[in-house]
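Peer 1: output the structure for:
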Amino acid sequence: MSDTQKAIEYAHNNREKFIKELTEFIKIESISTDDAHKKKVEEAAEWAANHLRNIGIENVKLMPTGGHPVVYGDWLKKPGAPTVLIYGHYDVQPIDPIELWETQPFDATIKGDYMFARGSSDMKGQVMATLNAVESIMKTGDFPINIKFLLEGEEEIGSFNMDSFLPANKDLFKADFCLNPDAGAISADEPTITFGLRGLAYFEIQIQGPSRDLHSGLFGGTVHNPAQALTELIAGMHDANGTITLPGYYDSVRPVTDQEREDTAKLPTTPESYLEQTGVPALWGEKEFTPALRTGARPTLEVNGLLSGWTGPGSKTVLPAKAMAKISCRLVPDQTATEVHKQLVRYMQEHAPKTITWEVKLLNESPWAITDTNTAGIHALAAAFETVWGRKPLYRREGGSIGVVAMLQTIVGIESGLVGGSLPDDNIHSPNERMHMPTWYKNIDAFVHFFFNMK
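Peer 2: Coordinates of the predicted model:
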């Protein structure tokens, strides 16, 4: 039996153990966006560090970042062999609205082929798939290459401290390739390698009207309602075609090429598949681009939250003093968060009425990334997926953002292989997040093959 087969057999024989460990990891409520969970985030970092030590990784440590720590570890015993950096994040999204969950968010519940829990798909499950693959090799023979780990606790808040942490530690994280299982796949039957990610600019708009909440009967029709002013401003940020109206918004956008249109048309992401995944009655957006291009190669502006006035039970006839909106823009080559911030401010200057005052805050940002698919690491991943799935992987540009990918390119000089078992209908960032267990098992096997392919 070959070393690869021995490792695969170990992985299959230890699936119950792997599920138990993932369940323990998930149980830690590592919500990075909420300061009330700071200790839980640190607990998750400690758990990940201890797990690395338990499977044989050396030099494991928690590294301060100014925020949540980075978990580092390595196994560097193969002089002359390639070094792979394994990236992951141990933080998760908030669970709100809790009333929509059908299971307890941090108690991993398996129903049929799915595990339901916050972090199951994004991305504690994917982190554990790589660690399970590493363990399977280390427990059955000699690891074929050198490996390092970079597990962060701030991905869900834009990897806020990584742009200062990585330059200070770039020599420590040097490698030949980065395995990043945070990108997911098009479907359970379609292994996928992502070569493009959109960036992110995340804003908060504050609108102020009167100095205090007013009686809507006494002052309605005379004082401009901040909630109305805000919604009118937001409504004007798109035209009837879904095109964004911020001044100069598309000036830096790299045009979609004919080749990109041709390649994207080969993907199984049809308008019908979007309707099925989302449950909406009809799709929306720029009619001159297919849905797959809109979500991978075109920039967006989305309202992520609105807050104003009385939102409790019953009625209260209040004219609110202020209103707030959370706005995210997904950015494509060659946009920057700085220029989009200026464009949003300019839009407000041109369109906000004199009856209110306003402020636009840039809360966080993440750069876009295009990775080189003609590398030894990508070839090794493609071969691994073809071995496990029996078909060649698809290549796509993905709509989400993973800031560390571009940072590793520009600061450390590493290309990333963006893969993973997260599926489009896994409800990531939403209630009832879930992970498809058969795909998870396949990814563990694929990562075993990948490590041997890299030697």
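
Peer 1: from here on, just use CA atoms for contacts and neighbour counts.
Peer 2: OK.

Peer 1: how far does stretch 42-49 sit from its chain's centre?
Peer 2: With C-alpha atoms, centre = their mean, to the nearest Å as the basis, stretch 42-49 stands 20 Å off its chain's centre.

Peer 1: show me which positions of it end up buried.
Peer 2: Within stretch 42-49, the residues that qualify as buried by neighbour count (16 or more other C-alpha atoms under 10 Å) are 42-49.

Peer 1: looking at these, which is nearest Arg391?
Peer 2: For the buried residues of stretch 42-49, the residue nearest Arg391 by C-alpha to C-alpha is Ala48; the value is 32.9 Å.

Peer 1: ok so, going back, for the buried residues of stretch 42-49, give me TSV that also has pLDDT, secondary structure and distance to Leu344.
Peer 2: Listed next are the buried residues of stretch 42-49 as TSV, based on pLDDT from 0 to 100; DSSP: H, G, I helix; E, B strand; the rest coil; distance: C-alpha to C-alpha, whole Å:
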residue	pLDDT	secondary structure	distance to Leu344
Glu42	98	helix	36
Glu43	98	helix	39
Ala44	98	helix	37
Ala45	98	helix	37
Glu46	98	helix	40
Trp47	98	helix	41
Ala48	98	helix	40
Ala49	98	helix	42
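
Peer 1: from these, which is closest to Ala323?
Peer 2: Glu42 (34.2 Å).

Peer 1: who's in contact with the closest one?
Peer 2: 30, 68-69 (C-alpha atoms under 8 Å, 6 or more residues apart in numbering).

Peer 1: for Ser120, see how far away it is.
Peer 2: Separation of Glu42 from Ser120 (C-alpha to C-alpha, to the nearest Å): 18 Å.

Peer 1: isn't Arg397 up against Phe195?
Peer 2: Yes: here Arg397 reaches Phe195: they are 5.7 Å apart, a contact under C-alpha atoms under 8 Å.

Peer 1: tell me which stretches of this structure form helices.
Peer 2: Under the criterion DSSP state H, the chain carries helices at the ranges 3-13, 15-27, 38-54, 124-138, 162-168, 216-219, 226-235, 258-265, 271-278, 291-296, 337-351, 376-389, 403-407, 437-453.

Peer 1: can you list the domains in this structure?
Peer 2: 3-197+368-453, 199-253+299-366 (automatic domain parsing).

Peer 1: I'd like to know which of those domains is closest to Thr269.
Peer 2: Nearest to Thr269, of all the domains of the chain, is domain 3-197+368-453, at 7.7 Å by C-alpha to C-alpha.

Peer 1: end-to-end on that closest one?
Peer 2: End-to-end distance for domain 3-197+368-453: 12 Å, by C-alpha to C-alpha.

Peer 1: cool, stretch 205-219 as well?
Peer 2: End-to-end span of stretch 205-219 (C-alpha to C-alpha): 24 Å.

Peer 1: stretch 134-142 too?
Peer 2: By C-alpha to C-alpha, one end of stretch 134-142 lies 11 Å from the other end.

Peer 1: how about that stretch: buried residues?
Peer 2: Buried residues in stretch 134-142 (16+ other C-alpha under 10 Å): 134-138, 140.

Peer 1: next: stretch 73-93.
Peer 2: By neighbour count with 16+ other C-alpha under 10 Å, stretch 73-93 contains the buried residues 73-76, 82-93.

Peer 1: any idea how far Ile411 lies from Val303?
Peer 2: Distance check for Ile411 against Val303: by C-alpha to C-alpha, it reads 32 Å.

Peer 1: let's see the pLDDT reported for Ala265.
Peer 2: At Ala265, the model reports a pLDDT of 88.

Peer 1: ranges for the strands of the stretch 51-200 of the chain?
Peer 2: Taking DSSP state E, counting those that start in this stretch, the strands of the stretch 51-200 of the chain run over residues 58-63, 70-75, 83-89, 109-111, 114-116, 146-152, 177-180, 192-197, 199-208.

Peer 1: picking that back up, so which of the buried residues of stretch 134-142 is the closest to Ile370?
Peer 2: After measuring the buried residues of stretch 134-142 against Ile370 - C-alpha to C-alpha - the closest member comes out as Val134, at 27.2 Å.

Peer 1: how about the closest one, what does it touch?
Peer 2: Going by C-alpha under 8 Å, 6+ apart, Val134 touches 55, 448.

Peer 1: point out where this protein drops to low pLDDT.
Peer 2: For the chain, applying pLDDT under 70 flags no range at all.

Peer 1: centre of it to the edge, which residue is at the far end?
Peer 2: Of all residues in the chain, Leu218 has its C-alpha farthest from the mean position, at 47.1 Å, by C-alpha atoms, centre = their mean.

Peer 1: from Ala446, how far out is that one?
Peer 2: Shown here: Leu218 relative to Ala446, a distance of 67 Å by C-alpha to C-alpha.

Peer 1: what about Glu24, neighbour count?
Peer 2: Residues contacting Glu24 under the criterion other C-alpha atoms under 10 Å number 15.
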